[in-house]
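# curious how this folds, go ahead:
(2 chains)
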Amino acid sequence: MSTSDIILKLSNIESYYGPIMAIRGISLEVPRGRIVTLLGANGAGKTTVLKTISGILDPQKGSIEFLGKPIQRMEADKIVRLGLSHVPEGREVFPFLSVRENLMMGAYPRSDRDGIAKDLERVYGYFPRLKERINQPAGQLSGGEQQMLAIGRALMNRPTLLLLDEPSLGLSPILVKEIFTIIKRVNEEQGMSILLVEQNAKVALETAHYGYVLEIGRVVMNDTCERLMNSKDIQEFYLGAKEEGARGERRWKKKKTWR
Amino acid sequence: MLDFVQQLVSGIALGCVYGLIALGFVLIYKATEVVNFAQGDLMMLGGFFAFTFIGMLGLNYWLGFAGAVAAMALFGMLAERVVVRPILGYPQFSIIMATIGLGYFLRSVVGMIWGTDDFKIETPFSEGVLRIGSLVLAYDKLSVIAATIILCALLYLFFNRTTLGTAMRATSENMLAAYYMGIPVKRVVSIVWAIAAAVATAAGVLLAPITFIHSNVGLVLGLKAFPAAVLGGFGSIPGAVVGGVLIGVIESMAGFYLPQGWKDVAPYIVLLVVLLLKPEGLFGIHMRKKV
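Next up is the predicted model:
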């Protein structure tokens, strides 16, 4: 893979919440047109990585390159204008704005009316349920519909890279399946690169091409999703596979290969 | 009956001025969760700008009005940039103290430049009355009401029909999400301050034929506009105007029908009763987040 195909490159990023070091030197790459996933338990620093990329948090050290340009410590709204959209954890829709207004806010950096109208139709195509609720305030939507709105809103910016933070949070298994089918469609139809953070390791590994495993602010493993899925550690600690031990019990204190 | 209608009209006119100042409180509070206690003083300063342009430089009334509004819009941006932005993120208390300090500062500076006398602005509405049968309504009061309606309609169209206005509402509902959308939040906040100062100035100039302009007028009216904003449910734009009108009407009625002294107390009694029965204010909305 040539280097020009890497659209996002993090090198040795360190981020702090006040005095607490949340990310301890992370490097990762997102190739063009690919879905890359970050896996890890609560507090591993997945969301912090995304916030650091999109400029909500400034990294203390390290560099972030997006489309060959350094974007660390750039204002968040400027980064969005470069074509990097972030679907935050917990949806964060504008509750009193209508569905349509929410979507139009996603297109705020753009000024090409025709393109915006086309993308609006495209988003309604992905999420027909949003079209039915076009004039309702977003606060009245169900959790799943709000997640659809949050994703649709980010797509309205027609980003080169989409950051998705926990799209499955609080959704029923059927809705999770529906949303991930659409994420895959967006990736395949528009060639949009996606960096996906997900607690649901199974669905994430099935959707993505490449995965990084994070633990307490560090990358402990990275590989293609196929190989990750076959890894014993991932199966046991993230996919919940039970291995019969010699005594017929599940091992609780097993050392992981990276420790 | 005639008395009642006349009191009602003058109450509404005064209430419109309260409402416009309260509107400034609400706009800034909604966008940044900062309560700007210098709002009344922004109105006062706007009034003095208009007095300078119209009374001292002899400009045409409308030209002077527009000039004062424009100058104050710039001043509002400057105040936000210099006084508020550096301490955003610190405890509410510091920000409130900073805006109170800004108010004191403006009152003293105005006193130093223009003196502490009362000033009068000549307006096209200062004299003349409208007669409907035996009902006599002064133009100065009607002009305030008409201008408030026009201003509210313009603001409504701005906030609901334009992208920038929608972006302002979005920012006030969820600032973090506004950043994620690529909305330039800092610029939006500075425009909100410009609008709040411009609306306050409009209130100050409209008020001019009814009362005199002096350096403490903002403090006095700000104290009435604040309960108006609370009455309407702090954070609701129509609520601010309705709250202002209610306070103005109550004050005017109490002044006419009740013994002396009730005029200034009555609005606060009503405010207390409303807050007891409906703590979120008349137009308040509960914010609840879905998880």
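# I'd like to know how many residues surround whatever residue of the stretch 51-200 of chain B ends up closest to chain A.
Distances between the stretch 51-200 of chain B and chain A by Cβ to the nearest Cβ are smallest at B:Gly182, namely 3.1 Å. Heads up, the C-betas are built off the backbone N, CA and C, glycines and all. B:Gly182 is surrounded by 28 other residues when neighbours are defined as other Cβ atoms under 10 Å in any protein chain shown.
# and if you look at the one 5 residues further on?
Residue neighbour count, defined by other Cβ under 10 Å, stands at 13 for B:Arg187.
# roughly how far out does the helix or strand where it lies sit from the chain middle?
For B:Arg187, the enclosing helix or strand under DSSP states H and E is helix B:185-207. Here helix B:185-207 is found 9 Å from its chain centre; the criterion is Cα atoms, centre = their mean, to the nearest Å.
# now for it, which elements pack on it?
For helix B:185-207, the contact count by 3 or more Cβ pairs under 8 Å, 6 or more residues apart in numbering or on different chains; DSSP states H and E identifies helix B:2-32, helix B:39-51, helix B:61-79, helix B:139-161, helix B:163-173, helix B:175-180, helix B:217-231 as packing neighbours.
# reformat the ones you listed as CSV; add mean neighbour count and mean pLDDT.
Output for these, formatted as CSV (neighbours: other Cβ atoms under 10 Å in any protein chain shown; pLDDT from 0 to 100):
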stretch, mean neighbour count, mean pLDDT
helix B:2-32, 23, 90
helix B:39-51, 28, 93
helix B:61-79, 20, 95
helix B:139-161, 16, 91
helix B:163-173, 21, 92
helix B:175-180, 22, 92
helix B:217-231, 24, 87
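# and the ones you listed as JSON lines, adding distance to A:Ala117?
As requested, those are arranged in JSON lines below (distance: least, Cβ to Cβ, whole Å):
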{"stretch": "helix B:2-32", "distance to A:Ala117": "29"}
{"stretch": "helix B:39-51", "distance to A:Ala117": "40"}
{"stretch": "helix B:61-79", "distance to A:Ala117": "33"}
{"stretch": "helix B:139-161", "distance to A:Ala117": "17"}
{"stretch": "helix B:163-173", "distance to A:Ala117": "14"}
{"stretch": "helix B:175-180", "distance to A:Ala117": "22"}
{"stretch": "helix B:217-231", "distance to A:Ala117": "39"}
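# in TSV, list the ones you listed along with distance to chain A.
Supplementary listing: the helices and strands packed on helix B:185-207 in TSV, determined by distance: least, Cβ to the nearest Cβ, whole Å:
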stretch	distance to chain A
helix B:2-32	11
helix B:39-51	24
helix B:61-79	18
helix B:139-161	9
helix B:163-173	5
helix B:175-180	4
helix B:217-231	18
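# and for the helix or strand hosting A:Leu195, what are the contacting residues?
Using DSSP H and E, A:Leu195 maps to strand A:193-197. Contact partners of strand A:193-197, identified using Cβ atoms under 8 Å, 6 or more residues apart in numbering or on different chains, comprise A:7-8, A:30-38, A:46-47, A:49-50, A:53, A:89, A:160-167, A:183, A:186-187, A:204, A:207-208.
# now, of those residues, which are buried?
The neighbour-count test (16 or more other Cβ atoms under 10 Å in any protein chain shown) applied to these identifies A:7-8, A:30-38, A:46-47, A:49-50, A:53, A:89, A:160-167, A:183, A:186-187, A:204, A:207-208 as buried.
# quick one, helices of the stretch 101-250 of chain A?
Across the stretch 101-250 of chain A, reading from the start of the chain, the helices by DSSP state H, counting those that start in this stretch fall at A:113-126, A:128-132, A:143-155, A:173-190, A:201-207, A:225-230, A:232-237.
# which helices and strands does the first one pack with?
By that I understand helix A:113-126. Here helix A:113-126 is seen to pack against helix A:99-106, helix A:128-132, helix A:143-155, helix A:173-190 when contacts are counted using 3+ Cβ pairs under 8 Å, 6+ apart.
# poorly predicted segments of chain A, please.
Counting by pLDDT under 70, chain A contains low-confidence residues at A:1-4, A:241-259.
# cutoff 80 now
A:1-4, A:236-259 (pLDDT under 80).
# relative to chain B, which residue of it is the closest?
With Cβ to the nearest Cβ as the measure, A:Val80 is the residue of chain A nearest to chain B, at 3.1 Å.
# what's the closest non-adjacent residue to that residue?
Here the nearest residue to A:Val80 in space, its sequence neighbours aside, is B:Gly182; by Cβ to Cβ, 6 or more residues apart in numbering or on different chains that works out to 3.1 Å.
# mind telling me what element that neighbour is part of?
Assessed by DSSP H and E, B:Gly182 sits outside every helix and strand.
# cool, A:Glu29 as well?
Following DSSP H and E, one finds A:Glu29 within strand A:20-31.
# between that strand and strand A:193-197, how many degrees?
Relative orientation of strand A:20-31 and strand A:193-197, computed by axes from the mean of the first three to the mean of the last three Cα atoms, to 10 degrees: 150 degrees.
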